[in-house]
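Colleague: sequence unknown, structure follows:
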């Protein structure tokens, strides 16, 4: 039989850069004498292309946050953990206050810069075990894993509201932009037969926060 084995290795080039190579060893033990053929292929560009495609599929290109698809996967994982191991979780919906007029007043470039800053703040506040994603436009959401109750989820929501409400200074014009944030919180203990329903509960709480005067959060209660 012909036996094929493949492994990947990382090599250092003389200029210090790295390349990823795939080693293939084909063993022909059905002939005399036994033969072995070793091939080495540079697959660096292939791996880079695969990583790019993965980022396009699961990351928001403007903010580099996870996107809606990533959030849905995180929700499903959290809900499965709740069903199988009773691990509680919460979902926070976040909507920026006063963002829409920015594009009209300062242009889409300024709006994009504001969103990138907001994305960086999400990363700085977010815990490593949670997933903070941009859903599109000025809408964001966070899956809070291993969250014991609504009180803890509310504290997390307040941290996000406080961080996102800090002024943003545009780099070129030094214009000060004030963008607030409203948040809706839904803990799994308040109900939800599936992951999507928990997200809808958070959206309901977000509407209540908007109605309450914005720049605040509300906790969903069934």
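Modeller: Great, that's in hand. No experiment lies behind these values; they were computed from the predicted model shown.
Colleague: so where do the strands sit in this structure?
Modeller: Assigned by DSSP state E, the strands in the chain fall at 2-12, 18-28, 35-42, 89-97, 131-136, 139-145, 168-169, 176-177, 180-187, 217-219.
Colleague: What pairs with the fifth one, parallel or antiparallel?
Modeller: Using DSSP bridges, the neighbouring strands of strand 131-136 in the sheet come out as strand 139-145 (antiparallel).
Colleague: quick one: the partner strand to strand 89-97, angle?
Modeller: If you take axes from the mean of the first three to the mean of the last three CA atoms, to 10 degrees, strand 139-145 sits at 160 degrees to strand 89-97.
Colleague: Now the residue most central in space within the chain. Nearest residue, chain neighbours left out?
Modeller: Taking CA atoms, centre = their mean, the centroid of the chain lies closest to residue 66, which sits 2.2 Å from it. With sequence-adjacent residues excluded and distances taken as CB to CB, 6 or more residues apart in numbering, residue 66 is closest to residue 133, at 4.1 Å. (C-beta placed from N, C-alpha, C; glycine too.)
Colleague: Now do the same contact list for the residue nearest to the centre of the chain.
Modeller: Counting by CB atoms under 8 Å, 6 or more residues apart in numbering, residue 66 touches 58, 59, 60, 74, 131, 132, 133, 134.
Colleague: Swap in 7 Å and give it another go.
Modeller: Shown in contact with residue 66 (CB atoms under 7 Å, 6 or more residues apart in numbering): 58, 59, 131, 133.
Colleague: need the contact list for the second one.
Modeller: By CB under 7 Å, 6+ apart, residue 59 lies in contact with 66, 67.
Colleague: try 8 Å this time
Modeller: With CB under 8 Å, 6+ apart, residue 59 has these contacts: 65, 66, 67, 70.
Colleague: Look at the closest residue to residue 41 other than its chain neighbours and say how many residues are nearby.
Modeller: Once flanking residues are discounted, residue 41 sits nearest to residue 22: 4.9 Å by CB to CB, 6+ apart. Residue 22 is flanked by 15 other residues according to other CB atoms under 10 Å.
Colleague: I'd say residue 22 and residue 7 touch.
Modeller: Yes - Residue 22 lies in contact with residue 7 (CB atoms under 8 Å); the separation is 7.4 Å.
Colleague: any idea how far residue 101 lies from residue 177?
Modeller: 10 Å (CB to CB, to the nearest Å).
Colleague: between the two, who's got more neighbours?
Modeller: residue 177 (19 against 9).
Colleague: check contacts around that one.
Modeller: Counted by CB under 8 Å, 6+ apart, residue 177 has contacts 102, 106, 110, 114, 167, 168, 169, 170.
Colleague: Phi, psi for the fifth one please.
Modeller: According to degrees, to the nearest 10, the main-chain angles of residue 167 amount to phi -60, psi 150.
Colleague: Let me see the contact set for it.
Modeller: So residue 167 contacts 176, 177, 178 (CB under 8 Å, 6+ apart).
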